[in-house]
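Novice: Sequence and predicted structure, then a few things I'm wondering about:
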Protein chains: 2
Amino acid sequence: MRGAVIHAPGDVRFETLDDPRILHPTDAIIRTAVTCVCGSDLWPYRGVEAIGDPHPMGHEYVGFVEEVGSEVTSVKPGQFVVGSFATSDNTCANCRNGWQSNCLHREFMSTCQADYVRIPNAQGTLVATDEHPADEFLPGLLAVSDVMGTGWYAALAAEVKPGCTAVVVGDGAVGLCGVIAARELGAERIIAMSRHEPRQNLAREFGATDIVAERGDEGIARVKDLTGGIGADSVLECVGTAEAMQQALQSARPGGNVGFVGVPHEVAIDGQELFFSHVGLRGGPAPVRRYLPDLMDRVLTGRINPGKVFDLTLPLDQVAEGYQAMDERRAIKALLTP
Amino acid sequence: MRGAVIHAPGDVRFETLDDPRILHPTDAIIRTAVTCVCGSDLWPYRGVEAIGDPHPMGHEYVGFVEEVGSEVTSVKPGQFVVGSFATSDNTCANCRNGWQSNCLHREFMSTCQADYVRIPNAQGTLVATDEHPADEFLPGLLAVSDVMGTGWYAALAAEVKPGCTAVVVGDGAVGLCGVIAARELGAERIIAMSRHEPRQNLAREFGATDIVAERGDEGIARVKDLTGGIGADSVLECVGTAEAMQQALQSARPGGNVGFVGVPHEVAIDGQELFFSHVGLRGGPAPVRRYLPDLMDRVLTGRINPGKVFDLTLPLDQVAEGYQAMDERRAIKALLTP
């Protein structure tokens, strides 16, 4: 089969690879329907994260079950399935507590920009649709496997509730999905921080009521202006830099909540500042599996359309162009079709 | 009148001071019924916090209203009142959100180890009892004004819920009150971390089901042993050091919660560690005012007796001995009677 391999910063190649095989009785093999490039894939692409030896890339996937291991009974060959970037047995103590992305048997997906993918912990990870979805739903279902599930978690971690005011820091695909989540969870006012007009427009389409283009202290001051001087009830941090975390923490009102889903890079939180702010803070890789049935239903009934974050579609063999377009911010998120 | 003044580390003196006066129409003057020394008073006493010029000390108080400013109508001279260490107008946006300890007009109390005390924001700060309480209730009501309210907040910030497992880090008065709070809020298992036998005994009396005497990695390992290998649902951090914060964060299960109420001293939280732990974190000076009516009722009906944390009673003029006894851990908490 063929798949993406990263060799060095800026160097993603489309190569012939060994077909994946069932390695454990809990595995499944799927044929990729669509896959994509994630904002977090840009960390190694930009040289911010070490790459080490060349290795396959990609952790977002929807597809058709090709083969299952002997212990997998919940899905069967031919079915269309959605999974999470973090696999989970869905039976361990952490899974039972709803933290499937902290499953005691978790394996992070990392080979999904390819024709075929091996899914560990398939029984607890994959959720099948009743029938094969129409093509128009594929981008939305793919978004659910990561960015929409992550935006959903950010909103829940930020304790978005009906009538509240929410701020979304970050206008990437996750931030934009965070806007969808905040609206679905009942936020009355949704302030999207973005200075890119196409993303501002999409944020508005997804439910943002206000756009703040300023950053840093000016951005915080604008949020305070919009929130009676005290800050927002809920803030979704969807970037992962120290600047974004400061923006988020200082945009929240006393006793408000920050949900952070950007993988933190050199972020340290001052204990005393956090203390006196009374802000509640929770982050992490989203437990997407917890939300899959609900979010898949919202997509398939047309209630939400997170697939709109894909503003570039490429054949899988042009995956390198997908990385480059996202790196240069020419695209929000690149969809790849095998 | 007479009151405590700190001059330098280890040097607290009992001196003659000017009687407090009404400075603003929102003030009240109370005659102290009982007051006490707080664990946080030991930070300057031990030289960990700068002292600057000599200044009065004390932020915990219950007493009798002597005089009220022209805008104070909620309490009147002669009434017995309980207040919080953080004063609040109880009408601003933060107060309405339940964060009275972040009131836009907040003033922290700092002159309470004295015969008389001026209370700013008296209207929103003071809660009167229906009648003068019997002497036996004074220690409990005094505890409510700070340590019991703070332990209560720690348990709520740690999201203690019926049936959960809670860990309390710190066996000072706040930690011990945190044990009471965890029990009242329905925790099924309460693990108190303490290596001092008298405090272990009081923790058990207050509802602790398990004692862990180990600290650091051994302490964390013991908590994991007691919690099915994954950690506790809720952890109350009641110390304020970097070591205690680590102990707390690592004792919580994935997706669990840490409530931290020890004023952080040189505590930095690593963003990536917090991220991958999925632990929720909230701290701050407790919004005691929010809990006063409920906690006063629990004391006056005999449901809880946090006054037991006072294991040393001294006349106010021996306040210096109170500091010394707590510094040397000969006493958990010193009650002072004017």
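Specialist: Sure, I can see it.
Novice: need the residues of the stretch 101-250 of chain A near chain B, please.
Specialist: Within the stretch 101-250 of chain A, the positions near chain B by CB under 8 Å from any CB of the partner chain are A:Ser101, A:Asn102, A:Leu104, A:Ala157, A:Gly228, A:Gly229, A:Ile230, A:Ala242, A:Met245. C-beta coordinates here come from the backbone N, C-alpha and C atoms, glycine included.
Novice: A:Arg330: neighbour count?
Specialist: Applying other CB atoms under 10 Å in any protein chain shown, we find 12 residues neighbouring A:Arg330.
Novice: Please tell me how far the residue lying closest to A:Thr26 once chain neighbours are set aside sits from A:Gly83.
Specialist: Closest residue to A:Thr26 apart from its sequence neighbours, by CB to CB, 6 or more residues apart in numbering or on different chains: A:Glu71 at 5.1 Å. Per CB to CB, to the nearest Å, A:Glu71 is found 16 Å from A:Gly83.
Novice: Please identify which of these two sits among more neighbours.
Specialist: For A:Glu71 versus A:Gly83, neighbours defined as other CB under 10 Å are more numerous around A:Gly83 (31 against 11).
Novice: residue contacts, A:Leu23?
Specialist: By CB atoms under 8 Å, 6 or more residues apart in numbering or on different chains, A:Leu23 lies in contact with A:Arg118.
Novice: Secondary structure element holding it?
Specialist: Counting by DSSP states H and E, no helix or strand carries A:Leu23.
Novice: quick one: pLDDT of it?
Specialist: In this model, A:Leu23 is scored at 98, pLDDT.
Novice: what's the answer for A:Ser40, then?
Specialist: For A:Ser40, the predicted pLDDT is 89.
Novice: Tell me how many other residues crowd A:Val81.
Specialist: Around A:Val81 there are 25 residues (other CB under 10 Å).
Novice: same check, this time on A:Ile332
Specialist: 23.
Novice: wait, is it part of a strand?
Specialist: No. A:Ile332 is assigned coil when assessed by DSSP: H, G, I helix; E, B strand; the rest coil, not a strand.
Novice: Excluding chain neighbours, what is closest to it?
Specialist: Spatial nearest neighbour of A:Ile332, excluding adjacent residues (CB to CB, 6+ apart): A:Asp311 at 5.0 Å.
Novice: Next: A:Gln250.
Specialist: For A:Gln250, the closest residue by CB to CB, 6+ apart turns out to be A:Ile220, at 4.7 Å.
Novice: and the residue lying closest to A:Leu156 once chain neighbours are set aside, how far is that from A:Val160?
Specialist: Excluding the flanking residues, the one nearest A:Leu156 by CB to CB, 6+ apart is A:Gly259, at 6.9 Å. The spacing between A:Gly259 and A:Val160, counted by CB to CB, is 8 Å.
Novice: more neighbours, these two?
Specialist: A:Gly259 (31 against 28).
Novice: which ones are touching that one?
Specialist: Contacts of A:Gly259 by CB under 8 Å, 6+ apart are A:153-159, A:234-237, A:282-283.
Novice: out of those residues, which are inside helices?
Specialist: With DSSP state H as the criterion, helices contain A:Tyr153, A:Ala154, A:Ala155, A:Leu156, A:Ala157 from among those.
Novice: Setting the sequence-adjacent residues aside, check what's closest to the third one.
Specialist: Pointing back at A:Ala155 there. Closest residue to A:Ala155 apart from its sequence neighbours, by CB to CB, 6+ apart: A:Ala181 at 3.8 Å.
Novice: centre of the chain versus the lowest-mean-pLDDT helix or strand in chain A, how much separation?
Specialist: One helix or strand of chain A scores below all others by mean pLDDT, DSSP states H and E: helix A:42-45, with a mean of 94. Relative to its parent chain, helix A:42-45 has a centroid offset of 15 Å by CA atoms, centre = their mean, to the nearest Å.
Novice: Over to stretch A:272-289?
Specialist: 18 Å.
Novice: Just the buried positions in that stretch, please.
Specialist: A:274-289 (16 or more other CB atoms under 10 Å in any protein chain shown).
Novice: does that stretch come close to chain B?
Specialist: Yes. Contact of stretch A:272-289 with chain B (CB under 8 Å from any CB) involves A:272, A:274-285, A:287.
Novice: Kindly format the C-alpha coordinates of that stretch as PDB.
Specialist: Taking Å, rounded to 0.1, in the frame of the first residue of the first chain, the C-alpha atoms of stretch A:272-289 are listed here in PDB:
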ATOM      1  CA  GLN A 272       0.000  31.700  42.600                       C
ATOM      2  CA  GLU A 273      -1.600  33.400  39.500                       C
ATOM      3  CA  LEU A 274      -3.900  30.400  39.000                       C
ATOM      4  CA  PHE A 275      -4.700  30.400  42.700                       C
ATOM      5  CA  PHE A 276      -5.800  34.000  42.800                       C
ATOM      6  CA  SER A 277      -7.700  33.800  39.600                       C
ATOM      7  CA  HIS A 278     -10.000  31.000  40.900                       C
ATOM      8  CA  VAL A 279     -10.100  29.700  37.400                       C
ATOM      9  CA  GLY A 280     -10.600  26.000  36.900                       C
ATOM     10  CA  LEU A 281      -8.300  24.300  34.400                       C
ATOM     11  CA  ARG A 282      -8.600  21.000  32.600                       C
ATOM     12  CA  GLY A 283      -7.000  19.700  29.500                       C
ATOM     13  CA  GLY A 284      -5.700  16.700  27.700                       C
ATOM     14  CA  PRO A 285      -6.200  14.500  24.600                       C
ATOM     15  CA  ALA A 286      -9.900  14.500  24.200                       C
ATOM     16  CA  PRO A 287     -11.800  11.300  25.200                       C
ATOM     17  CA  VAL A 288     -13.300  11.200  21.700                       C
ATOM     18  CA  ARG A 289     -14.700   7.700  22.100                       C
END
